[in-house]
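Colleague: Here is the input, now give the coordinates:
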Amino acid sequence: MAAVAQKLTPIPNLERISERVIRILGCNSRPMTLQGTNTYLVGTGSKRILIDTGDPGVPDYIKNLKKALKDFQTSIQEIVITHHHVDHVGGVQDVCCNLLQSSDLNVSKFCRPEGNKEYDIGFPYNFVDDNTVFKTDGATLRAIFTPGHSDDHMVLFLEEENAVFSGDTILGETTAMFNDLHTYMASLNRILQLNPSVIYPSHGPVIPNPTEKVTNYINHRLARERQIEEQLGEDPNTWLTSRELVERIYVGLADGLKNAANTNVCQHLQKLVKDGKVESMEKDGTQLWKKKCQSNM
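Modeller: Predicted coordinates:
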């Protein structure tokens, strides 16, 4: 999902974007999904891998996916889900009911941590491990665990194109949401180390300059982190709320955007705690934060 909406680049409902990649738009545009969820048919043969399935109950998506299968004389070998959010996994049952002659189909993803609920697709998932390889005619996909946006997120590395299907970790436009900044930053660096030639995101247009894009994502987060550290460092003995930090950092921000900014700042603060740079405490039901005193060694 996206962090903010902006004037967006139009994306066709159906487009072949490389020799072995067909993009089918999820037809589920809204502020948090940008133009909609990009789903992808990958391969060159009579059976191909479908990456993600969009939202449930979207007839236009099923119509476009049917057209893609007919136009390219192919069918679905299996489905791979980048993560558990509904705009990626919600369409599984619709795809199975409308496009498959057999219910014997693998729907693969990473398992969520114990205690966290999976989206119910009506039958068991095929849970996979880091570096699991999916093969089909003309394509080899390697699953790479990249948590941070969600606790079960994967990107898929397409060996034949040196390409990455980035899920929601990197978007074609705007910046991404995350539920754990510490692991999200590690995942960004893992993608950077792959040195892909192109990124196929789950939202927004194809990214032809992956190194620049991922580096900008990292630098943006680090710049915000420095701002928070600077504010806490002005008086290292003063405890501040996240809301007070928002007022100091996001000067002039519209009131309607302050909740989102506060969520952002809280994620940064939690990362800084994990990094050993900030400490927190709760007082009268309010979370407070201050710069951690560094002892001289």
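
Colleague: And the strands in the stretch 51-200 of the chain, which stretches?
Modeller: Per DSSP state E, counting those that start in this stretch, the stretch 51-200 of the chain carries strands over the ranges 75-80, 107-109, 126-127, 133-136, 139-145, 154-158, 163-167, 198-201.

Colleague: biggest helix in the protein, by residue count?
Modeller: helix 210-233 (DSSP state H).

Colleague: ok, back up a step: just the strands of the stretch 51-200 of the chain: most buried one?
Modeller: Stretch with highest mean neighbour count among the strands of the stretch 51-200 of the chain: strand 163-167 (a mean of 28; mean count of other CB atoms under 10 Å). From N, CA and C alone the C-beta is placed, and that goes for glycine too.

Colleague: mean confidence for that one?
Modeller: In this model, strand 163-167 has an average pLDDT of 98.

Colleague: picking that back up, just put the strands of the stretch 51-200 of the chain in TSV and tack on distance to Leu41.
Modeller: Below are the strands of the stretch 51-200 of the chain laid out as TSV (distance: least, CB to CB, whole Å):
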stretch	distance to Leu41
strand 75-80	8
strand 107-109	15
strand 126-127	19
strand 133-136	10
strand 139-145	10
strand 154-158	12
strand 163-167	12
strand 198-201	12
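
Colleague: wait, which of those is closest to Val21?
Modeller: Val21 lies closest to strand 198-201 among the strands of the stretch 51-200 of the chain, at 6.5 Å (CB to CB).

Colleague: packing partners for the closest one?
Modeller: Packing contacts for strand 198-201, counted by 3 or more CB pairs under 8 Å, 6 or more residues apart in numbering; DSSP states H and E, involve strand 38-42, strand 163-167, helix 210-233.

Colleague: With distance to Met154 as added columns, please give these in TSV.
Modeller: Output for those, formatted as TSV (distance: least, CB to CB, whole Å):
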stretch	distance to Met154
strand 38-42	14
strand 163-167	7
helix 210-233	16
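
Colleague: And the closest residue in space to Arg16 that isn't next to it in sequence, which helix or strand is it part of?
Modeller: Nearest residue to Arg16 in three dimensions, chain neighbours excluded: Ile22, at 5.1 Å (CB to CB, 6 or more residues apart in numbering). Using DSSP states H and E, Ile22 maps to strand 21-25.

Colleague: by how many degrees do that strand and strand 163-167 diverge?
Modeller: With axes from the mean of the first three to the mean of the last three CA atoms, to 10 degrees defining the directions, strand 21-25 sits at 20 degrees from strand 163-167.

Colleague: Endpoints of stretch 145-159, how far apart?
Modeller: End-to-end distance of stretch 145-159 (CA to CA, to the nearest Å): 16 Å.

Colleague: so how far is Ala223 from the closest residue to Arg221 other than its chain neighbours?
Modeller: Nearest non-adjacent residue to Arg221, counting by CB to CB, 6+ apart: Met185, 6.3 Å away. Between Met185 and Ala223 the computed distance is 13 Å (CB to CB, to the nearest Å).

Colleague: more neighbours, these two?
Modeller: Remark: of Met185 and Ala223, Met185 carries more neighbours, 19 against 9, as counted by other CB atoms under 10 Å.

Colleague: Grab the nearest non-local neighbour of Thr33.
Modeller: Nearest residue to Thr33 in three dimensions, chain neighbours excluded: Asp87, at 5.4 Å (CB to CB, 6+ apart).

Colleague: All the helices of the stretch 51-200 of the chain, in order from the start?
Modeller: Along the stretch 51-200 of the chain, the stretches classed as helices by DSSP state H, counting those that start in this stretch are 59-71, 86-89, 92-99, 181-194.

Colleague: how about the last one: buried residues?
Modeller: What it means is helix 181-194. 181-185, 187-188, 190-192, 194 (16 or more other CB atoms under 10 Å).

Colleague: How about residues contacting the least confident helix or strand in the chain by mean pLDDT?
Modeller: Within the chain, no helix or strand scores below helix 258-274, which has a mean of 89 by mean pLDDT, DSSP states H and E. For helix 258-274, the external contacting residues (CB atoms under 8 Å, 6 or more residues apart in numbering) are 3-4, 178-182, 185, 221, 224-225, 228-229, 242-243, 245-246, 249-250, 253, 278-280, 287, 289.

Colleague: Which SSE is immediately downstream of that helix?
Modeller: Sequence order places strand 278-283 as the next helix or strand after helix 258-274, per DSSP H and E.

Colleague: before we move on, the earlier item: what pairs with the strand holding Ile22, parallel or antiparallel?
Modeller: Sheet partners assigned to strand 21-25 using DSSP bridges are listed as strand 14-18 (antiparallel), strand 38-42 (antiparallel).
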